[in-house]
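>>> fold the stuff below for me.
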Amino acid sequence: MTTALIDYCFYISGEDERQKILPLFESLRESGSHVEVSTDLTRRSHVGFYACESNSFFNYSSGEFNPLPSTISVVMLHDLWQDNGLDGAYFDFCPWYMFNYAFLPGPRWTQLVLDEIAAGRNMPPNGFSEIGWPCSDGFFNNSSSFRTHVAELKQRLDLDVNKKTVLLATSWTNRRHLDQTLSKINSIEFQLIMKFPKYASASTTEGPWSGVLTAQSHEGALARRLALDHEGVQVAPDDCDIFALLSLSDVVISNGSNISLEAVLAGKPAVCVHDWWHPYGNHGQLKRYPRLDIEGVVHTPVNSLGSAIKLACSDVYRFQVENGSAQLASRSLRGNSCTEFVSLVKRIGSGQSLNHNPVNLTPIDGPLSLVETAQLRILDDLVSGSSLNFQSENT
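Numbering: from 1, shown residues only. From the prediction side, this is the model:
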């Protein structure tokens, strides 16, 4: 029996990806199109939007990529830091040459793709364009539904208006993240919200990372129980709008998670604790220490976390947050991402190419030397054993 070819399909591999593309899905559905969101990476469609990593189609048995299931393919991001700081080396592991088009969030990714093209790497041949960050449209539009969500979330979390709010949201979350954060924040001045990612269950994890993912699912559940049992911690609902949560927060603490950059995009500072490592490697057997080369993110070892939070919340740091926000999404697309997306879909549906001429794409705001300078400072700090922007505290 042959499966019907649907108009549009968003291909995802997890719930976090579903949340990122939901506004785009709703925009296409409102136009009367037959559109689905699928974790079945063999589901046939006319136009496919791939919010999952391209290596989801890699066949470990054959050593080759499986054919894409759509007639027309568009790769897009589910994470503003999807390259994990690898820059162009990211495409060694997750190539994009097999897709027809690419939709990018903003100037940082535009520059990254342009640099790779200039270096001779194959990219989507029909071009690419910026669409902004769709899940932030409600935040930037301040829509009535978004305001309602914020009000409901604020009431549910029972926040103290006289305290600044710290949002702890990490990747590969464990109990140590919570314990160390609580030991470094002043409970008189700050209150803590913790947001947990959704973890795959042991029954749904396959492939060479299955052991690592199953162990993380177990550890994440233990960390959640610890947070729920602590009277000084509010646990955010799993299904809450991330930007609604950010609007109630003053600073985000993480370890290279996408929410750090979403915070900066929303004008909120972030703190990256570079002791809180991520697993990586063919089987997740190695450790990688996070680093975000974007303005608006303070980097710190955990023993200086208290000072890092104070710096991030200071008035003098606001300019760096604004600069970082400009790199993540062009101002003209803020609040208009879904509209731009539908417009571009119409173009590719009619067989048009997207313009990837460097002259006509928006470059990163400001000179690249700002980022390069920050990277040099980071390297100097690593060598000296100190933290970025402030002196290390005594442990």
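>>> contacts and neighbour counts: CA atoms only from here.
Will do.
>>> what's the one helix or strand His177 maps to packed up against?
Taking DSSP states H and E as the criterion, His177 maps to helix 175-184. Contact here means 3 or more CA pairs under 8 Å, 6 or more residues apart in numbering; DSSP states H and E; on that basis helix 175-184 packs against helix 210-229, helix 305-312.
>>> centre of the chain versus the last one, how much separation?
The chain centroid and the centroid of helix 305-312 are separated by 22 Å, computed with CA atoms, centre = their mean, to the nearest Å.
>>> next: the first one.
Its chain's C-alpha centre and that of helix 210-229 lie 21 Å apart, by CA atoms, centre = their mean.
>>> in the stretch 151-300 of the chain, which spans are strands?
Listed from the start of the chain, the stretch 151-300 of the chain has strands (DSSP state E, counting those that start in this stretch) covering 164-168, 190-194, 233-235, 251-254, 270-273, 278-280, 286-288, 297-300.
>>> who wins for proximity to Ser54 among the ones you listed?
Nearest to Ser54 among the strands of the stretch 151-300 of the chain is strand 278-280; the distance by CA to CA comes to 16.9 Å.
>>> about what we covered before: any buried residues in the helix holding His177, and which?
The neighbour-count criterion (16 or more other CA atoms under 10 Å) identifies 175, 177-178, 181-182 as the buried residues of helix 175-184.
>>> could you dump these into CSV with distance to Leu344 and pLDDT added?
As requested, the buried residues of helix 175-184 are arranged in CSV below (distance: CA to CA, whole Å; pLDDT from 0 to 100):
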residue, distance to Leu344, pLDDT
Arg175, 44, 97
His177, 41, 97
Leu178, 43, 97
Thr181, 43, 97
Leu182, 46, 96
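>>> tell me the one of those residues nearest Val161?
Nearest to Val161 out of those is Leu182 (CA to CA; 19.4 Å).
>>> one step back: I'd like the strands of the stretch 151-300 of the chain as JSON lines, with mean neighbour count appended.
Putting the strands of the stretch 151-300 of the chain into JSON lines (neighbours: other CA atoms under 10 Å) gives the following:
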{"stretch": "strand 164-168", "mean neighbour count": "23"}
{"stretch": "strand 190-194", "mean neighbour count": "20"}
{"stretch": "strand 233-235", "mean neighbour count": "19"}
{"stretch": "strand 251-254", "mean neighbour count": "27"}
{"stretch": "strand 270-273", "mean neighbour count": "26"}
{"stretch": "strand 278-280", "mean neighbour count": "16"}
{"stretch": "strand 286-288", "mean neighbour count": "13"}
{"stretch": "strand 297-300", "mean neighbour count": "28"}
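>>> where in this protein is pLDDT low?
Counting by pLDDT under 70, the ranges of the chain that qualify are 1-4, 199-206, 355-395.
>>> can you list the domain ranges for it.
The record assigns the chain these domain ranges, following automatic domain parsing: 6-133+332-349, 161-327+369-384.
>>> reformat those domains as CSV; add distance to His149.
Formatted as CSV, the domains of the chain follow (distance: least, CA to CA, whole Å):
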stretch, distance to His149
domain 6-133+332-349, 15
domain 161-327+369-384, 7
